[in-house]
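**Q** coords below, sequence missing:
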């Protein structure tokens, strides 16, 4: 697991408050006293979506069910993965029925699907994280989201009692290069995010150059001019810059 990859509250040893963090904090502030909310946290890879999520939840003292999940077989189809997640939640909430699953999840302030769900392979090399499966399944993974939508429609009443926060990314390959459709595709990304905001609450994690500089300096005591060079190379993505500095790239 990367040193600058945050997978839990305890990993957040160094954290810098930014405008994006303030927006996220304000969005989370009312989660204790409300239910039925679905919040997507988006941002380019390397911006620290999980770091911001865990910092805000910790500061607010939220009761969080942080879903840690691994897929049994990377060759599973969408229906099998959907059922596997449901059975996992049923077992881990000690539920005997679907109704009990939703009832038990509603006891938490937040049900969180973040790195421990998407990237559980970084916690254990033997795990198959959801992001590994989606990359392997390619376009066929789209069917999984259709199952989720159908479940949401059928169980709308139950979802009204649950708050869900999703660290959201969708990677696609274009001419051999990996892109996040929510942040890396210019006007198309803006259109997709605008549509998302009609259906859900959305918070984007992004930084100014000055905020990026401040974050990196919390980890490395180096000349600011060097950090600026890395910002020009990687953009305002602190994790990538920190990893590059550590590896002298």
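**A** Looks like it arrived, so ask away. Remember, it's a predicted structure, so these values are computed and weren't measured experimentally.
**Q** might one say that residue 128 is in contact with residue 74?
**A** Yes: the pair residue 128 / residue 74 is scored as a contact, 5.0 Å apart, by C-beta atoms under 8 Å. C-beta coordinates here come from the backbone N, C-alpha and C atoms, glycine included.
**Q** comparing those two, which residue is more hemmed in?
**A** Set residue 128 next to residue 74 and count neighbours by other C-beta atoms under 10 Å: residue 128 wins out with 20 against 14.
**Q** who's in contact with that one?
**A** Shown in contact with residue 128 (C-beta atoms under 8 Å, 6 or more residues apart in numbering): 70, 71, 72, 73, 74, 120, 121.
**Q** just the buried residues out of those, in ChimeraX syntax.
**A** The ChimeraX command for the buried members of the contacts of residue 128 (criterion: 16 or more other C-beta atoms under 10 Å) is given here:
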select :70,71,120,121
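**Q** I'd like the contacts of residue 128 as JSON lines, with distance to residue 231, secondary structure and pLDDT appended.
**A** Shown next, in JSON lines, are the contacts of residue 128 (distance: C-beta to C-beta, whole Å; DSSP: H, G, I helix; E, B strand; the rest coil; pLDDT from 0 to 100):
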{"residue": "70", "distance to residue 231": "35", "secondary structure": "coil", "pLDDT": "90"}
{"residue": "71", "distance to residue 231": "36", "secondary structure": "coil", "pLDDT": "92"}
{"residue": "72", "distance to residue 231": "41", "secondary structure": "coil", "pLDDT": "91"}
{"residue": "73", "distance to residue 231": "41", "secondary structure": "coil", "pLDDT": "91"}
{"residue": "74", "distance to residue 231": "36", "secondary structure": "coil", "pLDDT": "92"}
{"residue": "120", "distance to residue 231": "31", "secondary structure": "helix", "pLDDT": "80"}
{"residue": "121", "distance to residue 231": "29", "secondary structure": "helix", "pLDDT": "80"}
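**Q** can you pull out the strands in this protein?
**A** 38-42, 64-66, 110-113, 164-167, 171-174, 177-180, 201-204 (DSSP state E).
**Q** could you tell me how far the last one lies from the centre of the chain?
**A** Looking back up the chat, that one is strand 201-204. Its chain's average C-alpha position is 11 Å from that of strand 201-204, according to C-alpha atoms, centre = their mean, to the nearest Å.
**Q** also stretch 75-89?
**A** 19 Å.
**Q** also stretch 192-204?
**A** Put simply, stretch 192-204 sits 15 Å off its chain's centre (C-alpha atoms, centre = their mean).
**Q** buried set for it?
**A** Along stretch 192-204, these residues count as buried under the neighbour rule (16+ other C-beta under 10 Å): 192, 193, 202, 203, 204.
**Q** stretch 138-155 now?
**A** For stretch 138-155, by 16+ other C-beta under 10 Å, it's 141, 144, 147.
**Q** contact partners for the last one?
**A** The reference is to residue 147. 78, 79, 82.
**Q** top helix in this protein by residue count?
**A** Identified as the longest helix of the chain according to DSSP state H is helix 78-92.
**Q** which other residues reach that helix?
**A** 67, 69, 71-73, 76, 95, 98, 100-101, 105, 130, 133, 137, 140-144, 146-148, 151.
**Q** now it: average pLDDT?
**A** Averaging pLDDT along helix 78-92 gives 95.
**Q** give the buried residues for that helix.
**A** Quick answer for helix 78-92 (16+ other C-beta under 10 Å): 78, 81, 82, 84, 85, 88, 89, 90.
**Q** and the contacts of residue 128 as JSON lines, adding distance to residue 233?
**A** Below are these laid out as JSON lines (distance: C-beta to C-beta, whole Å):
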{"residue": "70", "distance to residue 233": "34"}
{"residue": "71", "distance to residue 233": "34"}
{"residue": "72", "distance to residue 233": "39"}
{"residue": "73", "distance to residue 233": "39"}
{"residue": "74", "distance to residue 233": "33"}
{"residue": "120", "distance to residue 233": "30"}
{"residue": "121", "distance to residue 233": "27"}
